[in-house]
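*Asks:* Requesting a structural model of the entry that follows:
(one chain, ligands or ions: 1)
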Amino acid sequence: MVKQTIQIFCRLKPPSSKARLSNYDVDSDAEGKPRISFVCPRELTDGSVNNKKEQFKFRFERVFATDCRQEDVFEHVARPVINNVLSGYNGTIFAYGQTGSGKTFTVTGGAERYADRGIIPRTLSYIFAYFEQRPEFEFSLGVSYLEIYNENGYDLLDPKHEAARLEDLPKVTLFEDAGQQIHLKNLSVHPAASEEDALNLLFVGDTNRMIAETPMNQASTRSHCIFTAHLTVKEVGSATVRRAKLHLVDLAGSERVSKTGVNGLLLTEAKYINLSLHYLEQVIVALSERSRSHVPYRNSMMTSVLRDSLGGNCMTTMIATLSVESANLGETISTCRFAQRVAIIKNDAVLNEELDPSLLISRLRSEVAQLKAEIAALTGEQRDDELTEEELQMCRAAVDAFLADTNASPLASVGFDGRKLGQCFRLIRDAAKAAATPAEPAPPQQIVTIAPEPLATKEVRELRETISQRDNEIVILVGMLKQEKRRAAEASVMLQQMAESPGANIFLYYLKIWLNPNPSFASTGCQSAAGPVAQEVQPHLLQAGRYCGIDVPLSLLAFGRSPASAAAAAALHQPTESTGGESDRLSQQLEQSAKARILGGQLSLGRQEAFELFKRDYAGNPEIERHKQRLRDNYGLAKQLGASVNESRQAIERLKAGLERARLRRALGSESDSSEEAALRADMEQSKAEYRDSFQRLKSLKAEIEHQQHQLEMLKVRLVKDFEAWWAEQSSANAAAAAATTAAWPTPPGSAGGRAVAASSGSRPPSGAGSRPGKQRTGSTGDAAAGIQLTGDKETDAEIMAFMRARQNLLKQSQRH
Ligand SMILES: Nc1ncnc2c1ncn2[C@@H]1O[C@H](COP(=O)(O)OP(=O)(O)OP(=O)(O)O)[C@@H](O)[C@H]1O
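*Replies:* Predicted structure coming up:
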């Protein structure tokens, strides 16, 4: 338990330029504590100030000057409290001061600049940054936002909030459990998985607070707001969970009714506010008087909710917001006096730690099992079910401990379970037998020394494996090459036919465009083209494109001569970042990861090439393309929606600032234009509706995109699997063919026991596959390699021969070892 008095800070609000300032000074007292003093003229007749006294001095933890930064306030006021909350203690920070003195500015912040963010948004950023750097913790954050107005509680995050008037909303009510803990009914707690989520909830709550300012409740001045962060933290692998709450409280303006000069409904409100602040004061007075045993928390909703923060299980900090204008001196001194009383209150903060319920359950379960075993032993009831692996292990550990230490008792860990005791006895018997039998010398042949394989033999083995793998790849690639050559021949026949057909000009023209990698050529080419490609030409062009390794978009073939469609065609030809970048990147990533996963991360060059060729003609390509296109479309849509969410958010911020200004003008008593305010409110409603709508659509679109990405990944995985099956089929077919051929070859005289015969020189390829080094094949150059047929293409065949020679050299080297 940590005993600590409530820490008090004060912050001076910058005065308006024309205002007369009060006579004040900031210095330190004898103990070096910061102090603010006000000189009060005797003629001041405000009832709350002791007129006999001239100078008032108040001590604070720190006095923040008029030009202090929000960042400094966060560092000194909020950071220590949050750190305690992160360690499992409850925390509260509340701002108290007269209307307009800067409470909301301090707690929530100003909307104008990013640097004006107040304690709440900075706290949320701090919490998420803290855990990001500490992966050893699991944490969850929930957020609730309560508004107390005229002694009634309202949930600022209630989804119905936006549709109804504040007064029509379900009220948040209090109830006390048997342990006298206060609970809030109808107050929702929303999980926030990221900083963005949490800030969004704050934004929604603040906007609701503003929107709910119906004619009955025209200013946040008259309500109390409590933003609560509910934190659950657990160290990975630990059984204890810490749950702590952080209340960030913006109280209503503290000025006295006599000064507000209000009547009618406003007077009722003022009375309520003053009454609840009056009850707050009563609680504080009671807590500061040691002799008082009763603390009147129950008198108001606000004191009931903040019960723990005041004299309870919490580390609490107050920030008094002060005006230094002479007109407000009376209120300023009264705020400082209140703070001094608060500073006396001692809280007893307790670490909110509990055992993880799931671990507790498993612990209780094992206790129950233990007790059941004991009961069975005592009542003579025998269990005959088999011991589980876990139980067997437990017995082994117990016997080991027993044999190692004469004082240990196996009963301590195995209990009275007859089955376990039996197992322990068996283990002890085995150990005793083993100890009694003299160890027989092991027969020499049984001594197996795993000597490291001689390097050369190991290398030879690996080289042989690689060679056999490459042989296989060559066979498949040669097959594919042949197929490609056949297609090339077909394509050239087709081109010839096309050139003679009436649509030849257009076809050749388009083919030229597609074969030319320069996009501007594609663009200008399209502009001067005669018209859309005739339908009967399209399949041929597609096929020719495919042969050249180009995906010809069908849409281009249908384009006419207009510049707009030509530009679109050019865009399709060279997908830009905004249309295709994202999904192309994704698809590349998917492809790479799929390859790495399925092909074991190390694609040999031959296999990789085969994969590329296989992919080009893959029957599932149109489906993959359709998915990619859908993804592209959705990325574009998501971008648009994101922009519209941002626009609405900015509009709301602007309107909020406008409403705030209008409210201030009214609070200062200047003429205010109610129609302008009404228009601002209407615009706000409109922007909110748009925000909500775009946000919802964006959310569901995100889910759809994720789903589509998943589907695309599945298709890619299927592609690689199909390739694998095809590859395996090809490999076994080739292996069978090779075996059939080599079986017929005679073993040359003199070749013995696995020793290879030197190869003939010149262009004649050496012996067959590495897996059969003892065999030598005779024959012509064309069928020189076992199982490998040459392609008939001069260049390719020369490469294959070079490979075979290199392989033979390797074999020769390896056999010398
Ligand atoms: N330290 C400051 N620096 C700059 N502007 C400030 C500061 N404090 C307050 N303001 C501005 O003064 C105005 C009133 O402040 P704010 O609304 O925070 O007062 P408040 O005490 O919350 O009033 P209320 O009790 O009516 O809610 C706002 O426009 C705010 O931006």
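*Asks:* Which residues of this protein lie near the ligand?
*Replies:* Counting by Cβ under 6 Å from any ligand atom, the positions of the chain adjacent to the ligand are 13-14, 97, 99-105, 110, 219-221, 253, 321, 660. Every C-beta, even on glycine, is put in place using the N, C-alpha and C of the backbone.
*Asks:* again, only this time at 5 Å
*Replies:* Among all residues of the chain, those adjacent to the ligand (criterion: Cβ under 5 Å from any ligand atom) are Lys13, Thr99, Gly100, Ser101, Gly102, Lys103, Thr104, Phe105, Gly110, Ser220, Thr221, Gly253.
*Asks:* who wins for neighbours among these?
*Replies:* Lys103 (29 neighbours; other Cβ atoms under 10 Å).
*Asks:* So that residue sits against Leu251, correct?
*Replies:* Yes - the pair formed by Lys103 and Leu251 meets the contact definition of Cβ atoms under 8 Å, at 6.6 Å.
*Asks:* shared neighbours, these two?
*Replies:* Counting by Cβ atoms under 8 Å, 6 or more residues apart in numbering, the residues touching both Lys103 and Leu251 are Ala95, Tyr96.
*Asks:* Spell out the residue ranges of the strands in the stretch 1-150 of the chain.
*Replies:* Taking DSSP state E, counting those that start in this stretch as the criterion, the stretch 1-150 of the chain carries its strands at 2-5, 7-13, 23-28, 34-39, 55-59, 62-64, 91-97, 137-149.
*Asks:* Using JSON lines, lay out these together with mean pLDDT and distance to Ala651.
*Replies:* Below are those laid out as JSON lines (pLDDT from 0 to 100; distance: least, Cβ to Cβ, whole Å):
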{"stretch": "strand 2-5", "mean pLDDT": "80", "distance to Ala651": "44"}
{"stretch": "strand 7-13", "mean pLDDT": "96", "distance to Ala651": "28"}
{"stretch": "strand 23-28", "mean pLDDT": "92", "distance to Ala651": "41"}
{"stretch": "strand 34-39", "mean pLDDT": "93", "distance to Ala651": "41"}
{"stretch": "strand 55-59", "mean pLDDT": "92", "distance to Ala651": "43"}
{"stretch": "strand 62-64", "mean pLDDT": "97", "distance to Ala651": "33"}
{"stretch": "strand 91-97", "mean pLDDT": "94", "distance to Ala651": "28"}
{"stretch": "strand 137-149", "mean pLDDT": "93", "distance to Ala651": "22"}
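*Asks:* Out of these, which one sits most buried?
*Replies:* Of all those, strand 91-97 has the most neighbours on average by mean count of other Cβ atoms under 10 Å, namely a mean of 26.
*Asks:* Direction included, what does that strand pair up with?
*Replies:* Sheet neighbours of strand 91-97, with direction, are listed as strand 240-250 (parallel), strand 315-323 (parallel) (DSSP bridges).
*Asks:* list the buried ones in stretch 723-732?
*Replies:* Applying a neighbour-count criterion of 16 or more other Cβ atoms under 10 Å, the buried positions in stretch 723-732 are Phe723, Trp727, Gln730.
*Asks:* which among those gets closest to the ligand?
*Replies:* Taking Cβ to the nearest ligand atom as the measure, Phe723 is the one of the buried residues of stretch 723-732 closest to the ligand, at 64.1 Å.
*Asks:* Which of the three states applies to that closest one?
*Replies:* Of the three states, Phe723 takes helix under DSSP: H, G, I helix; E, B strand; the rest coil.
*Asks:* roughly how far apart are the closest residue to it other than its chain neighbours and the ligand?
*Replies:* With Cβ to Cβ, 6 or more residues apart in numbering as the criterion, Phe723 has its nearest non-adjacent residue at 4.9 Å, and that residue is Phe614. Phe614 sits 66 Å away from the ligand when distances are taken as Cβ to the nearest ligand atom, to the nearest Å.
*Asks:* Phe614 belongs to a strand, doesn't it?
*Replies:* No - the assignment for Phe614 is helix, going by three-state DSSP, so no strand is present there.
*Asks:* wait, doesn't it sit right on Lys721?
*Replies:* No - the pair Phe614 and Lys721 does not pass the contact test of Cβ under 8 Å, sitting 11.7 Å apart.
*Asks:* quick one: Leu463 from the ligand, how far?
*Replies:* 77 Å.
*Asks:* same deal with Asp430?
*Replies:* Relative to the ligand, Asp430 is positioned 80 Å away (criterion: Cβ to the nearest ligand atom).
*Asks:* okay, now that residue: neighbour count?
*Replies:* Using other Cβ under 10 Å as the criterion, the residues surrounding Asp430 number 11.
*Asks:* Quick check: which helices or strands does the helix or strand hosting it pack against?
*Replies:* Secondary structure assigned from DSSP states H and E places Asp430 in helix 418-436. When contacts are defined as 3 or more Cβ pairs under 8 Å, 6 or more residues apart in numbering; DSSP states H and E, helix 418-436 packs onto helix 357-379, helix 389-404, helix 411-414.
*Asks:* I'm done for today, thanks for sticking with me.
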